[in-house]
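**Q** What follows is a predicted structure for the sequence shown.
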Amino acid sequence: MTRGGNLDRTPVMGIQVICLGAVHVELVYRAPELGPFLELWPELRRGGEAVLGPGEEARLQELLSRHATFKARQGGGPAANTAFALARLGLEVALAGRVGADGDGAFFREDLAGVNLDYLVPSGASGRAYILEDPAGARTILMAPNTNAELTLEDLPLEVLEGTRFLHLTPLAGSGPFKVLEEICRHLEDGPRLILDPGEPYARQGHQALEGIIDHLDTLLVTERQWEMLGGQPKTHPLWAPPVVVIKRGALGARLLTPPRYLDFPVELATRPGDTLAAGDVFAAGYLAGRCSGLHLNLAVRLANRAAAVSLEGAGRENYPDAKFLEQQLWQLTQLV
């Protein structure tokens, strides 16, 4: 049976990856001084992220009017960024979840050209991510989940999820959506390979709190800080982890942890210092593209490194790698086997 907002739809064949997570509009601000924001949200740290509680978005907007300058609006969130990057690489990709039934939601849809949006349920107010850029270039993020926090199992097309090759999961605020992800993981245990990029909101809870998701994963994609938050050691694959752990290390490249060993993969493409926002999401897209293309794990991580490096050459999504890039990289990498 088709679920939720897709009652009269039939499954789309050929979707290689479905990205499931929070869908929101990113509102970027220049914030010369973070003090007023850190004072009001003590769990927040410079360069980190926190989730706003009910009623706190209005308070944040007031602070922004006094202590920050609006810079840009763009469709965003790890799920959307990864889906857009995969579409640019030429893969058949869909985005699943909830999107606001408002102006921001309409803007979001227009901003995701090339991504299958048939499985986004329009309802309520759009999720919004307020990104505070300080003078040193750090980005501190405050999330207003809004409609994302209301996700239910009925919103998701289970038969379509079952038919995809990879399901890429990213965090959703609230206990209800978290339970939905746990249920999805149990239901799809024998279906697509599951990839989780937990972000700080999930990683902060530690690996035991995520057991109902982690136990069903193929791959865990994390930053070094997130891996530490989860309880991981830098060079050790723990018993609680899924078979594959990929640690995104920024300028140092990436580390692959599997039960037998760890392997480090340095950045291979020279880049100018650029916009690092969403570089980790492009990394995830490169890794998924490599896996979909049948690359060995080592080569998929190298492809991910290269894709992220290319994205740094421009602002926002303007320099995400394309299908020609993927074709060239697949040829180069397969010559190494």
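**A** That came in fine, so what should we check first?
**Q** For this structure, which segments count as helices?
**A** In the chain, the segments counted as helices under DSSP state H are 35-40, 56-67, 78-88, 103-110, 158-163, 175-187, 199-203, 211-214, 224-230, 279-292, 297-311, 323-334.
**Q** Tell me how far the fifth one lies from the chain's centre.
**A** This points to helix 158-163. 20 Å (C-alpha atoms, centre = their mean, to the nearest Å).
**Q** Check Gln335 and give its pLDDT.
**A** The model reports Gln335 with a pLDDT of 89.
**Q** In TSV, list the helices of the chain along with mean neighbour count.
**A** Where you see a C-beta, it was placed from the backbone N, CA and C, and this is true even at glycine. TSV is the format used below for the helices of the chain (neighbours: other C-beta atoms under 10 Å):
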stretch	mean neighbour count
helix 35-40	14
helix 56-67	14
helix 78-88	28
helix 103-110	17
helix 158-163	18
helix 175-187	17
helix 199-203	22
helix 211-214	17
helix 224-230	19
helix 279-292	27
helix 297-311	24
helix 323-334	16
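**Q** Show me the one of the ones you listed that comes nearest Ile247.
**A** Nearest of the helices of the chain to Ile247, taken as C-beta to C-beta: helix 224-230 at 5.4 Å.
**Q** Tell me the predicted confidence for the closest residue to Ile131 other than its chain neighbours.
**A** In this structure, Ile131 finds its nearest non-sequential neighbour in Val28, 4.7 Å apart by C-beta to C-beta, 6 or more residues apart in numbering. Confidence at Val28, expressed as pLDDT, is 92.
**Q** I figured Val28 hits Thr69, correct?
**A** No - counting by C-beta atoms under 8 Å, Val28 stays clear of Thr69, with 10.0 Å between them.
**Q** lowest-pLDDT helix or strand in this protein?
**A** The helix or strand of the chain with the lowest confidence, counting by mean pLDDT, DSSP states H and E, is strand 49-51 at a mean of 85.
**Q** how about low-confidence regions in this structure?
**A** Across the chain, the ranges flagged by pLDDT under 70 are 1-13, 270-277, 314-316, 337.
**Q** Quick check, central residue of it?
**A** Per C-alpha atoms, centre = their mean, the C-alpha nearest to the average position across the chain is that of Pro78, at 2.5 Å.
**Q** what residues are up against it?
**A** For Pro78, the contact set (C-beta atoms under 8 Å, 6 or more residues apart in numbering) comprises Gly21, Ala22, Thr170, Pro171, Asp197, Gly199, Ala278, Gly280, Asp281, Ala284.
**Q** Next, find the distance separating the fourth one from Asp322.
**A** Translated: Pro171. Note on Pro171: its distance to Asp322, by C-beta to C-beta, to the nearest Å, is 28 Å.
**Q** Comparing these two, which residue is more hemmed in?
**A** Higher neighbour count among Pro171 and Asp322: Pro171, with 28 against 14, using other C-beta atoms under 10 Å.
**Q** Wait, the more buried one touches Leu210, no?
**A** No - counting by C-beta under 8 Å, Pro171 stays clear of Leu210, with 10.0 Å between them.
**Q** which residues are in contact with both of the two?
**A** Pro198, Tyr202.
**Q** Surely Tyr287 touches Ile247?
**A** No - between Tyr287 and Ile247 there is no contact, the gap being 11.9 Å when judged by C-beta under 8 Å.
**Q** The residue nearest to Glu211 when sequence neighbours are not counted: neighbour count?
**A** Nearest residue to Glu211, sequence neighbours excluded (C-beta to C-beta, 6+ apart): Trp240, at 7.4 Å. Neighbour count of Trp240, defined by other C-beta under 10 Å: 14.
**Q** same deal with Glu43?
**A** 10.
**Q** which ones are touching it?
**A** Ala50.
**Q** Kindly list the main-chain dihedrals of it?
**A** The phi/psi pair for Glu43 (degrees, to the nearest 10) reads phi -80, psi -10.
**Q** going forward, begin numbering at 715 instead of 1
**A** Got it, the first residue is 715 from now on, which makes the last one we talked about Glu757.
**Q** picking that back up, and of the contacts of Pro792, the nearest to Asp978?
**A** After measuring these against Asp978 - C-beta to C-beta - the closest member comes out as Gly994, at 17.2 Å.
**Q** and the nearest residue to the closest one once chain neighbours are set aside, how many residues sit next to it?
**A** Residue nearest to Gly994 in three dimensions, not counting chain neighbours: Lys962, with 5.3 Å by C-beta to C-beta, 6+ apart. Using other C-beta under 10 Å, Lys962 has 25 neighbouring residues.
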